[in-house]
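Trainee: no sequence on this one, just coordinates:
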């Protein structure tokens with residue numbers, strides 16, 4: 001259930017239908033977790049899939065950027081999801097296997113996706129490239145000299 005101003009469909013109802021009381025969101029029955037960004041919302045379902053709705057100008061819904069989205073829709077190309085997080089106009093998930101890195105997509109003008117760039121990830125495949133960066137980072141950590149701590 002969601003409620004609020006609903007300027008961009010973030011309550012899961014047609015835009016401009018503001019609700020001061022909780023309303024059912026179609027396709028989100030049995031949600032295990034719900035997160036809200038500035039004008040988008042995502043829900044983690046019991047089957048470890050993710051559905052998102054609301055504003056999508058930065059592809060924060062996990063599909064190609066557009067002005068707004070319709071009703072909640074599944075985010076494609078994700079592994080089973082354990083946790084979800086939302087920033088103002090970006091979204092991240094932690095895969096259920098917990099060995100993979102966070103997978104993030106959406107706005108990135110301040111580097112909030114952690115990919116070393118300052119541009120939004122607008123592709124339909126959230127998180128492309130994160131596994132390669134994680135492997136490089138873990139390799140660098142393994143080669144780093146040990147640091148002794150005083151006792």
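Mentor: Structure received. Bear in mind the structure is a predicted one, so any value in this text is a computation, not a measurement. Numbering: from 1, shown residues only.
Trainee: use CA for all of it now, contacts and neighbours both
Mentor: OK.
Trainee: got a list of contacts for stretch 27-47?
Mentor: Applying CA atoms under 8 Å, 6 or more residues apart in numbering, the contact partners of stretch 27-47 are 6-11, 50-56, 60-61, 72, 80-91.
Trainee: From those, list the buried ones, please.
Mentor: When those are checked for burial by 16 or more other CA atoms under 10 Å, the buried set is 6-11, 50-56, 60-61, 72, 80-87, 89-91.
Trainee: which residue is nearest the centroid of this protein?
Mentor: The centre of the chain sits closest to residue 91, judged by CA atoms, centre = their mean, with a distance of 2.2 Å.
Trainee: Need the pLDDT of that one.
Mentor: pLDDT, residue 91: 92.
Trainee: Show me what it is bridged to.
Mentor: residue 86, residue 105 (DSSP bridges).
Trainee: My read is that it contacts residue 83, right?
Mentor: No: between residue 91 and residue 83 there is no contact under CA atoms under 8 Å: 10.9 Å.
Trainee: Sitting in strands, which of the contacts of stretch 27-47 do you find?
Mentor: Those of the contacts of stretch 27-47 mapping onto strands are 50-54, 81-86, 90-91, per DSSP state E.
Trainee: Check the spacing between residue 40 and residue 116 real quick.
Mentor: To residue 116, residue 40 is 24 Å away according to CA to CA, to the nearest Å.
Trainee: swap that for residue 1, please
Mentor: 36 Å.
Trainee: for residue 9, same thing?
Mentor: 31 Å.
Trainee: how about the helices in the chain?
Mentor: Using DSSP state H, the helices found in the chain span residues 130-143.
Trainee: Let's test this: name the helix or strand in it with the lowest mean pLDDT.
Mentor: helix 130-143 (a mean of 41; mean pLDDT, DSSP states H and E).
Trainee: quick one on the thing from earlier: quick check: the two most widely separated of the ones in strands among the contacts of stretch 27-47?
Mentor: In these, two members sit farther apart than any others by CA to CA. They are 54 and 82, at 21.8 Å.
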